[in-house]
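J.: sequence below, structure please.
(chains A and B)
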Amino acid sequence: MSERKDEKYAIYVENLIKVYSGGLKALEGVSLEVNEGEIHAVVGPNGAGKTTLMRILTTQIQPTSGHARVLGYDVRSESGAVRKLISYVPQEFSVWTDITGYENLLFYSKIYGISSDKRHRIISDALELMGLSEASGRLVRTYSGGMIRRLEIAAALMVKPRVIFLDEPTIGLDPRAREVVWEKLLEYQKEYRVTVLFNTHYMDEAERYAEKVTFLNRGRVIAEGTPQELVRLLGGETLKVWIEGESERASQILSSIDGIQVLSATSNQLVILTPDSSVMLPKIVQTLSKSGIEVRSTTVSRPTLEDVFIKLTGMSIEEAEKASGLREVRAVRRAIRAGG
Amino acid sequence: MSLKSYWEQTVAFVELELRRLWHDPTEVFTRAVQPILWLTVFGTTMERLRSIPTANVDYLTFISPGVVLQSSSFIALAYGIMLVWERESGILKKLVSSPVDRFIIVLGRSLAGAVRAVTQLFIVLPVALLFGAKLKIDPASLILATFVLLLGSVGFTSLSIILAVFMKTRERFMGILQAIVMPLFFTSNALYPIEIMPAPLQAFAKVNPMTYIISSLRDTLIYGDIVSAINGLLVTLVFSSIVLHPETKYLQKIVE
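T.: From the prediction side, this is the model:
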């Protein structure tokens, strides 16, 4: 007998729709498959539906229609079984700041039913793994943002989940703290092969740490694959050109050249997608200088996920956030908070 | 889930609260200021007037149990603010995606708030004794009084958490709190026997849970009448169970 398709995956989501009670559509038919032991990133601008998707998968809210399974268990009808196998780190702080780091883990270890004879060792191990042994006796109020995040991840890993959900794990952290968070997380992931699903709007993070990436925009999946596959979707190379003069006009002039595509044009920088830069670069420079636009410098690079997102949506993540409007993002947030 | 793990999880919430109190006990003391003023200023002055019929006990002794409850119930009723904060942070989200039953979250939080509230018994009573209140302090009556106060405070904490669901901001919550605490206090038998109240107020006093908690505390701490105290305790139990029930439903509502 063949295994059912939806039981083979750590996470299986099919045609998920979520309409909040205010009528706001957060998810408009999302499908997603995550293999066991995989690190999977859901990438998209604020308001794309990332948090809503994660809240459904962690059994906090129910979908309007469609279905979702975690390790074969339905998130709606078997939510109790799902909750025993997962861990979740929300975007906002989820530890008490007026007690110590150790005490926070002690509380969560009791909530998750870790037996009293193992508790101390498990907590100490988790604190050590996250580099918090020394700070464990201090009030969390005195921790830095990065330390708090690591404490929350320690709380999530301590219970040995089979799937861990991280909602924007490094939001608001400086680059060094972001790196440390990932370093520690990957160390654990390598050892236990736990499935990781994380939301982010940092493209570089998805590219560096995820084995698979799902692009979410306005409640829909717009692309998915390994970072390499997604980048290959574009083909060719990305050319960055710094110019003297208005980039809008330069962008218009370049549209006459066949085979290239201007991905973005900001103040004095153009990002251009080209199949072969060695042929196209001289042509571009020549065309621009003929129109009186001087090229200051250029770089050639492999396209990034950011470029893929721009190609797919016609705008960068920041622009997508602006286009969907702050008002809409706020409405989503409100709906999430107000509930159902 | 076994009964044992339910119990352990509930205790974990209480332990968490005790640890928070240990690190920052300020509230316990600042909240005690007002009841101490009731005893030392209002109580001692009214006692000289002898205008309130308090049967065979002096006025200071008479109001001591009520003042303890006023202090405790204020802490309990303010506890919902914690939930407003926990909703704004990710704590509640994390809790509802953990294996802990949602009823245990509600019971655990309510009991935790109640434990915080009960601390007042051990601050206000010694002050009352110091100013000459004639209270029966022995292990049995103290245990019974603690239990009554704990149970009543569970009810007030639950009520507070329900309020927090509807009053979504701190400001609105604190406003409504003021509008509830004082009327509850004045329409109870805390400061005078209900027999001397006008008839409509008496009717209100009889459905005011504070009245029963205070009666039970008085029976224990002043008269040593355990049987009557247990009657009051049963009414308190009914009150707390009634508010705990919808609280679970509302918790679902806040997170979803």
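J.: make it CA atoms for all contacts and neighbour counts henceforth
T.: Noted.
J.: run through chain A and note the low-pLDDT ranges.
T.: A:1-6, A:323-340 (pLDDT under 70).
J.: what are the buried residues along stretch A:302-322?
T.: Going by neighbour count (16 or more other Cα atoms under 10 Å in any protein chain shown), the buried part of stretch A:302-322 is A:303-312, A:315-317, A:320-321.
J.: A helix includes A:Leu197, no?
T.: No - applying DSSP: H, G, I helix; E, B strand; the rest coil, one finds A:Leu197 to be strand, outside a helix.
J.: show me what contacts it?
T.: A:Ile39, A:His40, A:Ala41, A:Val42, A:Val163, A:Ile164, A:Phe165, A:Leu166 (Cα atoms under 8 Å, 6 or more residues apart in numbering or on different chains).
J.: just the strands from chain A, written as ranges.
T.: A:11-19, A:25-34, A:39-43, A:65-70, A:73-74, A:86-89, A:163-167, A:195-200, A:212-217, A:220-225, A:237-244, A:261-266, A:269-274, A:294-301 (DSSP state E).
J.: of all those strands, which one is nearest B:Leu159?
T.: Across the strands of chain A, B:Leu159 has its closest neighbour in strand A:86-89 (29.4 Å, Cα to Cα).
J.: does chain B have contacts with that closest one?
T.: Yes - Strand A:86-89 is in contact with chain B by Cα under 8 Å from any Cα of the partner chain, via A:Ile86, A:Ser87, A:Tyr88, A:Val89.
J.: pretty sure the first one contacts A:Val163?
T.: Spelled out, it's A:Ile86. Yes - here A:Ile86 reaches A:Val163: they are 4.9 Å apart, a contact under Cα atoms under 8 Å.
J.: A:Lys212: how many residues sit nearby?
T.: 23 (other Cα atoms under 10 Å in any protein chain shown).
J.: quick check: it touching A:Gly37?
T.: No - at 11.4 Å, A:Lys212 and A:Gly37 do not qualify as touching, with contact defined as Cα under 8 Å.
J.: run the chain-centre distance for the longest helix along chain B.
T.: Ranked by residue count and defined by DSSP state H, the top helix of chain B is helix B:226-255. Mean-position distance between helix B:226-255 and its chain equals 12 Å (Cα atoms, centre = their mean, to the nearest Å).
J.: ok, now stretch A:81-89?
T.: Averaged over its C-alpha atoms, stretch A:81-89 has a centre that lies 19 Å from its chain's centre (Cα atoms, centre = their mean).
J.: stretch A:94-106 spans what distance, first to last residue?
T.: 14 Å (Cα to Cα, to the nearest Å).
J.: is that stretch positioned near chain B?
T.: Yes - using Cα under 8 Å from any Cα, stretch A:94-106 reaches chain B at A:Ser94, A:Val95, A:Trp96, A:Asp98, A:Ile99, A:Glu103.
J.: can you list the residues of chain A near chain B?
T.: Checking chain A against chain B by Cα under 8 Å from any Cα, the hits are A:58-62, A:80, A:83-84, A:86-96, A:98-99, A:103, A:107, A:110-113, A:336-340.
J.: now, of the residues you listed, which are buried?
T.: Of the residues of chain A next to chain B, these count as buried by 16+ other Cα under 10 Å: A:58-62, A:80, A:83-84, A:86-96, A:98-99, A:103, A:107, A:110-113, A:336, A:338-340.
J.: tell me the spacing between A:Ser18 and A:Lys50.
T.: Let me fix one detail, which is that residue A:18 is Lys and not Ser. For A:Lys18 relative to A:Lys50 (Cα to Cα), the value is 12 Å.
J.: sorry, that was for A:Trp96
T.: Taking Cα to Cα, one finds A:Trp96 at 25 Å from A:Lys50.
J.: does A:Ala10 really touch A:Asn35, like I thought?
T.: Yes - assessed by Cα under 8 Å, A:Ala10 is found in contact with A:Asn35 at 5.3 Å.
J.: hey, what's in contact with both of those two?
T.: By Cα under 8 Å, 6+ apart, the residues touching both A:Ala10 and A:Asn35 are A:Thr195.
J.: out of these two, which sits in the more crowded spot?
T.: Just comparing A:Ala10 and A:Asn35: by other Cα under 10 Å the higher neighbour count belongs to A:Ala10, 23 against 16.
J.: do the helix or strand containing B:Phe156 and chain A come into contact?
T.: Taking DSSP states H and E as the criterion, B:Phe156 maps to helix B:139-166. No - Helix B:139-166 does not reach chain A (Cα under 8 Å from any Cα); its nearest approach is 9.9 Å.
J.: could you give the angle of that helix to helix B:226-255?
T.: 20 degrees (axes from the mean of the first three to the mean of the last three Cα atoms, to 10 degrees).
J.: the following helix or strand past helix B:139-166 - contacts with which helices or strands?
T.: Using DSSP H and E, the helix or strand that follows helix B:139-166 in sequence is helix B:170-186. The contact analysis (3 or more Cα pairs under 8 Å, 6 or more residues apart in numbering or on different chains; DSSP states H and E) places helix B:170-186 against helix B:59-78, helix B:80-88.
J.: contacting residues for B:Pro209?
T.: Contacts of B:Pro209 by Cα under 8 Å, 6+ apart are B:Val235, B:Thr236, B:Phe239.
J.: I figured the last one was touching B:Val154, is that so?
T.: Just to be clear, that refers to B:Phe239. No - using Cα under 8 Å, B:Phe239 is not in contact with B:Val154; the gap is 9.5 Å.
J.: which of these two has more neighbours?
T.: B:Val154 (32 against 20).
J.: partner residues bridging A:Thr274?
T.: With DSSP bridges as the criterion, A:Thr274 is bridged to A:Glu237.
J.: what is the burial count for it?
T.: 23.
J.: hmm, it is touching A:Asp258, no?
T.: No - here A:Thr274 lies out of contact with A:Asp258, judged by Cα under 8 Å, at a distance of 9.7 Å.
J.: how far does stretch A:49-69 stretch from start to finish?
T.: End residues of stretch A:49-69 are separated by 18 Å (Cα to Cα).
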